[in-house]
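In: This is a predicted model, with the sequence first.
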Amino acid sequence: MYPIGHPALAPTIASVVGRANKLLEHRQTIAFGVARRQLIIDGVTTDPDQPVLRRLAEALHQHHIGAISLLRGVEEQELGQALLTLATEAEHAGPAGKNAIPTWPHVKLHPLTFDGLTLAGEAPSSGRREQSTLGGELWVGLARAALMSKDGQEVGADVSTEPSDVAKAIDAAPRAEAYDQVIVGYLLQIAQQLKTASADKSDELRRRTSRLIASLKPGTLRRLVEMGGNHAQRQQFVLDAADGMAVDAVLEIVRAAADASGQTISHGLVRLLKKLAAHAELGSERTRPRADAELRAHVSSLLSDWRLEDPNPERYRQALDRLADTSVDGQRPDWVVGEEPDPLRIVQIGLEAGAFGPLLERAVDQAIHAGQLNVLLDLLASPPPGAEPSAEIILGMVSRPESVKGMLAGTKVDLAGLDNLLPRLTLDSYDPLLEALGSSDNRFVRRRLLELLSKTRVDISPLVIARLGDERWYVQRNMLMLLGRSSRVPESFSTLPWTTHPDARVRVEAIRLQLTLPNERDLGIHAALDDIDPRIVHVGLTAIRDDCPPDLLGRVIELAQAPPESDENIRLTAVAALAHVKHARALDSLLQIADGGRSFLGRQKLPSTSPALLTAIRALAGFWSGDPRAAAVLTAAARSSDPEIRKAGGVSAT
C-alpha cells in the first residue's frame, strides 16, 4: 500500500524481522503454507472469513506461491526484497511463481505452477481453468501442492490428478516443513468440506480422498497428522474426517493420530473397527449404512474420552522401539543419556542369553574398533553353557574381511588379539592385513604385521604376489620382504622385474629374495655386485663370503682394493670374501693391501693400521701362511709394535 521509498516501509520491515527473530530463537525455520483463501501455520488453518488473512492468502495464491519459509538469521534487506517481489499485481506482471523467483539466504518462496490442472471428467468454468465447486478447488489445490516439482518449475498441465499419483508424490517428497504445511492445510480443509457438504456433491471428493489416504505410506500419513497441530487440533481433524471421509480413510487417520499423540488403541478395538469398515464398504444394502454409522460413532466416542495412554515411561518406550528396530544404523539415539554402554558388556549379556541380533552385532563392531579384540576373544574362548552357537557366530563375524579391516581402521589396533585370531582367518581375510602392511601410517603396526604375516600357516603368497603390481614402491618392498620371510615362493615366480626397479629400497629386497631362490641365486649375486647402491653391493658380498664364484673374483678384488675414501664396510666384506678363495689373484690382492713398502734395511713394512689391513693379515695367516710372500708379511706383523696387528698375524698380544 506504500510506494517504494516511503518512510513507513523501513520501520515496518524492521518490526517484522524483529518479531521473526524472536520466534526463531527456539526453532530453525518458520513455514507458512498457502491455500486459496487461507494460510496454514503449524498445521492450523486461518479463518477464511478473516478479511486481512484471506486477502493475504488470495494475493499469494494468485502469485502461485505455495509456501513461504523464513530461516534463522533473516535480514531486513532480504525480507524487503521478497515483499517487493510479492507486492506487484499478479495480473499485470504475471505470477511470481511462474517467473524466475530471486533467491535469498534466509527467505524462501516455494512456487506452485499448475494452472491447467483440472479434475478428469469435469469441464473448467468459462475463461478460467479451475473447478466451479469448492471441493474441486480443494482437490486441485492439493494435487498442485503434492505434484510441485523440486525446482518449482512447471512440468506440464496434463499431470495426472489420480489419488495414487498424488500419494506417490507425497511419499517421495523430501521432508520439508513448508511442503508438509501446504499438504496438511488442504487435508484439513477437505475434512471440513466433507463434514458440511451434502453427500451427492462430495462423493467424488470423498472417493478421491479415501484412495489418497489408503495409498499413502503409514509413516507419511503419521508425519502429516503430526504436522496438524497439537492434540486438540489433531482430535478435531479426526472428528471432521470421521464425519465426512470414507470409512477406510477414517481408520487410517485414527491410527496415525494415535501414533502421533502417543495414545494406545487396543488390538480388539482395531479389529472391531476393521470389521465395521469392511461391512460399511462391502456389506448388504441393509448393513452398509448401519456399519458406517457405528464406525463413526465408535471413533467419536473414542476421541471424546481418549485417555488410554501408553503405560510405559516415554524413555522406556523409546528404548523398546529402538530395541525392536532391526535397521540399526550405528548412530546413537538422541534420547540416550550418560556414557555409551560398554560393548563388551553387551556381548557378555548376549552370550549369557544365548542370543544374537543387531545390537549384539553392533557391540562386536564397537569392541573391535575400540581395540578390545583380545578381550573379546577371551570371552568367546570360554562362553557360558549353551552359548556356543552364539560364540561361533560372533567368531565368524570377527573373522570376516570387513571386520579385520575395521580392526586396523580404529585408533587402537589390538595386535595381540590379531595374533590370536590369525589361525581362524581365511585367505580372503588376509587381504585387509596386507593392505595395512602397505599403507599404515604407524611404523610399529607395519613392523608387527610383517612379523605376524611371516609366521602364518596359511599360504598367502598368491595375495602377496598380486599386490606386487601396485605402483607404490613401499608396497612392492613390503610384499617382497614378506615373501622372503615366509619362505613360500612359487617355483614359477621370478624376481627379475624388481631387481632393476628404479628405487634401491625395492631392489635390495628383490635381490635378497632372489638370493634365496636356487634357480636365480647366481643372477642375484651378479645383480648385487653390479648395483650402484652400497647396501645392495654389501648384500651380494655377504652372500659369497664363504664361496666366491670364480667369475666374480675380479669384481671382488676391485671392491677390496677400492680407494680409502670409498665405503669401508664394502671393502672389509670384499677382503673377507677373498680370504676363502684359493686363487693366486686373491693372494696378490691380499698382499697388495698389506704392502707398506720396504725399510732402509730392506725389510717388509706394513701400512698404517686399518680394519682392511687386519682382515687381510688374518686371511694370509689362515689360508696362505705357507707362501713365501705371505710369510714375509706375517713376519712383519709379528715384529709390529701394534698388538692388534700381532694378534691378527697369529702372535699373542703379550
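Out: Ah, there it is.
In: immediately after the longest helix seen in the chain, which helix or strand?
Out: Counting by DSSP state H, the longest helix found in the chain is helix 177-196. Per DSSP states H and E, helix 177-196 leads on to helix 199-215 as the next helix or strand towards the C-terminus.
In: What residues of that next one count as buried?
Out: For helix 199-215, a neighbour-count test (16 or more other Cβ atoms under 10 Å) marks 202, 205-206, 208-215 as buried. (Glycine included, C-beta is placed from N, CA and C.)
In: cool, and stretch 281-299?
Out: 291-292, 294-296, 298-299.
In: Adding secondary structure, write these out as CSV.
Out: Shown next, in CSV, are the buried residues of stretch 281-299 (DSSP: H, G, I helix; E, B strand; the rest coil):
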residue, secondary structure
291, helix
292, helix
294, helix
295, helix
296, helix
298, helix
299, helix
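In: pLDDT and distance to residue 381 for the residues you listed - can I get that in a markdown table?
Out: Formatted as a markdown table, these follow (pLDDT from 0 to 100; distance: Cβ to Cβ, whole Å):
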| residue | pLDDT | distance to residue 381 |
| --- | --- | --- |
| 291 | 78 | 64 |
| 292 | 76 | 66 |
| 294 | 79 | 64 |
| 295 | 72 | 61 |
| 296 | 74 | 64 |
| 298 | 73 | 60 |
| 299 | 71 | 59 |
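In: Run through who's touching the helix or strand hosting residue 477.
Out: Assessed by DSSP H and E, residue 477 sits inside helix 473-486. With contact meaning Cβ atoms under 8 Å, 6 or more residues apart in numbering, helix 473-486 is reached by 434, 437-439, 446, 450, 453-454, 456, 460-461, 464-465, 467-468, 470, 489, 493, 495, 498, 501, 503, 505-506, 509-510, 512-513, 516.
In: Show me which positions of that helix end up buried.
Out: Across helix 473-486, burial judged by 16+ other Cβ under 10 Å covers 475-484, 486.
In: I'd like the domain boundaries of this structure, if you could list them.
Out: Following automatic domain parsing, the chain resolves into domains at 1-111, 138-148+161-311.
In: and these, which one is worst for confidence?
Out: Mean pLDDT per stretch puts domain 138-148+161-311 lowest among those, at a mean of 70.
In: quick one: residue 638 is in a helix?
Out: Yes - under three-state DSSP, residue 638 falls within a helix.
In: Start and end of stretch 513-529, how far apart?
Out: Chord length of stretch 513-529, first to last residue, is 15 Å (Cα to Cα, to the nearest Å).
In: if we look at that stretch, which residues are touching it?
Out: Stretch 513-529 has contacts (Cβ under 8 Å, 6+ apart) with 480, 483-484, 487, 489, 494-496, 499-500, 511, 536-537, 539-541, 543-544, 549, 552, 555-556, 559.
In: same thing but 7 Å
Out: For stretch 513-529, the surrounding residues in contact (Cβ atoms under 7 Å, 6 or more residues apart in numbering) are 480, 483-484, 489, 494-495, 499, 511, 536-537, 539-540, 543-544, 549, 552, 555.
In: For the buried residues of stretch 281-299, could you give me JSON lines that also reports distance to residue 54?
Out: Listed next are the buried residues of stretch 281-299 as JSON lines, based on distance: Cβ to Cβ, whole Å:
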{"residue": "291", "distance to residue 54": "40"}
{"residue": "292", "distance to residue 54": "35"}
{"residue": "294", "distance to residue 54": "39"}
{"residue": "295", "distance to residue 54": "35"}
{"residue": "296", "distance to residue 54": "31"}
{"residue": "298", "distance to residue 54": "37"}
{"residue": "299", "distance to residue 54": "31"}
